[in-house]
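K.L.:
When you get a sec, could you give me coordinates for this:
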Amino acid sequence: MLRTNRLRPPSFETSAGGEPAHSEPLPEVLIIGEFPFPTGAAGANYLRGHCRSICEAGFTVGLLPNQSTGRQEDAQPDGTYRFKGLPYWPLCRSRPGSRFERYLQYFTGKPDARLDWLARKNLASVKILIVYPGVWGTVALLLRLRRLCRIHKIRLLVHVVEWQAPNCRGGLAHLMRALDGEAQRRWLNPHLDGVICVSEYLKNYYDSHGVRAALIPPLVDLTEPVWRSSAAAVTPPHRPVRLLFSGRYSRDRQDNLLKAVKAMRECGGEIVLEYLGASKENIADLTGVGVELVNSLGDGVRFHGKVPDQQVHGIVASATFGVLLREDAPWSKACFPSKVAEFSALGVPMLCNLTSDLAHYLKHGENAVIVQDTTVDAVCAALRQVLSLTSEQMLGMRQASRETATRFDGCRHAVAYRNLLT
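P.N.:
Got it, this is the predicted structure:
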């Protein structure tokens, strides 16, 4: 099924990926996984920054996202797609109809158009394959890729961006995901050619198991105009203080956050809590929240829901603070929230407690207001400090946040990639 690395004679056939069969050699580094590109999710932002870093390290890079098509503005005359010089080939993993077919795909990794595409290609120019895995079927995908990489003498690396605690309360699907994640991180990753760890907690684990590991935090590409234009376009008013929570909401202590905002508003504090990517129903359904608590805040809580990509940066940049409130646990130590890099790039300081590696980047009173723990009292104490800030102090924190973003810029981590990839 797999072809050798011998060059094929020129042909005018068109491959399934859309490019002519006689196209230029593939990049030295290919990134494959469960992400859209170049926009559409946090993973896309994350990988744009990593691509910048890989390019700065002296390698060419391309991507195989899991999506059905590319952006119209990225389309090339030969049928391929490019974003800022980065080629990408949109190939969508099929969606089985029946439960049996879904489980079969889960355990076998078949069918997968991206794997079939790689099997048809001349991979002589490819030196490294990097996987950005999803939340299910990762073992099957990595095993198939490892077999292909061994045949073509390609090194196989994997991003490790979190380590969720096993949760078997959601039925068979959740159990399978938990087992897949544990098998991938504990058993399979150590048998690959290297791991890219998002936190010290993860790197220490793989270092202790003799695995070649690089510590690289979530990255952004600060050369992208969207970061500069969105940050410059908005200067939030001093009042009301607008707290913004974005992304996966179920892991943070939304109950205590809402209760603290309610308590401060009842004392006259001009504070509004906003959610981006979550609906009122999503938040009300969480343990400890409920419809009554949400309704009791009145116009003190707002829900943007899911919005088009072009609106996200403007909403984030207009916030006074980004919010995180996570319990100190193994999963939170392993996961470095990518929103910290994105909020910093937009000049938005954080209101959060310190988990993972955040203490290396966020300083109380400079680019963040640090919450001592996740209790209501601790959040209220932090909110009082927020309300005491002058407009000049707030502007200073926004500037400090933009300076912090340079530490997440892709160009700053080229050496780490050069050491890992050579």
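K.L.:
Could you pull up phi and psi at the nearest residue to E270 once chain neighbours are set aside?
P.N.:
Distance criterion CB to CB, 6 or more residues apart in numbering; nearest residue to E270, sequence neighbours excluded, is P240 at 3.9 Å. Using the backbone N, CA and C atoms, a C-beta is placed for each residue, glycine as well. In terms of degrees, to the nearest 10, the main-chain angles of P240 are phi -70, psi 160.
K.L.:
What of R418?
P.N.:
phi -60, psi -40.
K.L.:
tally of neighbours for it?
P.N.:
The local packing of R418 (other CB atoms under 10 Å) involves 15 other residues.
K.L.:
Give me the pLDDT for the closest residue to it other than its chain neighbours.
P.N.:
Spatial nearest neighbour of R418, chain neighbours left out: A57 (4.1 Å); criterion: CB to CB, 6+ apart. If you check A57, the pLDDT there is 97.
K.L.:
for R3, same thing?
P.N.:
pLDDT at R3 comes out at 34.
K.L.:
Could you do W136 as well?
P.N.:
75.
K.L.:
Same check on R248?
P.N.:
On pLDDT, R248 comes in at 88.
K.L.:
Quickly note the distance from it to A119.
P.N.:
R248 is 34 Å from A119, where distance means CB to CB, to the nearest Å.
K.L.:
Return, as residue ranges, the portions of the stretch 251-400 of the chain with sub-threshold pLDDT.
P.N.:
Of all residues in the stretch 251-400 of the chain, none has pLDDT under 70.
K.L.:
quick one: the strands in it?
P.N.:
271-276, 301-305, 321-324, 350-352, 368-370 (DSSP state E, counting those that start in this stretch).
K.L.:
Quick one: closest of those strands to F336.
P.N.:
Of all those, it is strand 321-324 that lies closest to F336, at 10.9 Å by CB to CB.
K.L.:
still on that earlier bit, the residue nearest to R418 against A414, yeah?
P.N.:
Yes: when contacts are counted by CB atoms under 8 Å, A57 is listed as touching A414 (4.3 Å).
K.L.:
Pick out whichever of these two has more residues nearby.
P.N.:
Legend: neighbour count by other CB under 10 Å for A57 and A414, higher for A57 (21 against 17).
K.L.:
Please report how far that one lies from L421.
P.N.:
Distance from A57 to L421, by CB to CB: 6 Å.
K.L.:
now V131
P.N.:
In terms of CB to CB, V131 sits 14 Å off from L421.
K.L.:
who has more neighbours, those two?
P.N.:
Each of V131 and L421 has its neighbours counted (other CB under 10 Å); V131 has more, 24 against 20.
K.L.:
Using the three-state scheme, assign the more buried one.
P.N.:
Here V131 is strand, with the state taken from DSSP: H, G, I helix; E, B strand; the rest coil.
K.L.:
I figured it hits L145, correct?
P.N.:
Yes: using CB under 8 Å, V131 is in contact with L145, at 6.4 Å.
K.L.:
tell me, what's touching those two both at once?
P.N.:
Shared contacts of V131 and L145, defined by CB atoms under 8 Å, 6 or more residues apart in numbering, comprise 32, 156.
K.L.:
L215: neighbour count?
P.N.:
L215: 19 neighbours (other CB under 10 Å).
K.L.:
gap between it and H209?
P.N.:
Distance from L215 to H209, by CB to CB: 15 Å.
K.L.:
Next: C352.
P.N.:
30 Å.
K.L.:
And these two? Which one has more around it.
P.N.:
A count of neighbours by other CB under 10 Å puts C352 above the other of C352 and H209, at 23 against 12.
K.L.:
Quick one: residues contacting the residue lying closest to the more buried one once chain neighbours are set aside.
P.N.:
Excluding the flanking residues, the one nearest C352 by CB to CB, 6+ apart is L324, at 3.7 Å. When contacts are counted by CB under 8 Å, 6+ apart, L324 touches 245, 252, 337, 339-340, 350-353, 355, 358.
K.L.:
cool, D309 as well?
P.N.:
D309 neighbours (CB under 8 Å, 6+ apart): 39-40.
K.L.:
what's the first-to-last distance across stretch 190-200?
P.N.:
Start-to-end span of stretch 190-200 (CA to CA, to the nearest Å) is 17 Å.
K.L.:
my bad, stretch 122-136
P.N.:
29 Å.
K.L.:
Go through that stretch and flag the buried ones.
P.N.:
122-123, 126-134, 136 (16 or more other CB atoms under 10 Å).
K.L.:
which of the residues you listed lies closest to W187?
P.N.:
Closest to W187, out of all of the buried residues of stretch 122-136 and judged by CB to CB, is P133, at 14.0 Å.
K.L.:
Tell me which residues touch that closest one, please.
P.N.:
Contacts of P133 (CB under 8 Å, 6+ apart): 33-34, 141-142, 158-159, 184.
K.L.:
Any chance of those in a markdown table with secondary structure and neighbour count as columns?
P.N.:
Formatted as a markdown table, those follow (DSSP: H, G, I helix; E, B strand; the rest coil; neighbours: other CB atoms under 10 Å):
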| residue | secondary structure | neighbour count |
| --- | --- | --- |
| G33 | strand | 21 |
| E34 | coil | 18 |
| L141 | helix | 26 |
| L142 | helix | 22 |
| V158 | strand | 25 |
| H159 | strand | 21 |
| Q184 | helix | 23 |
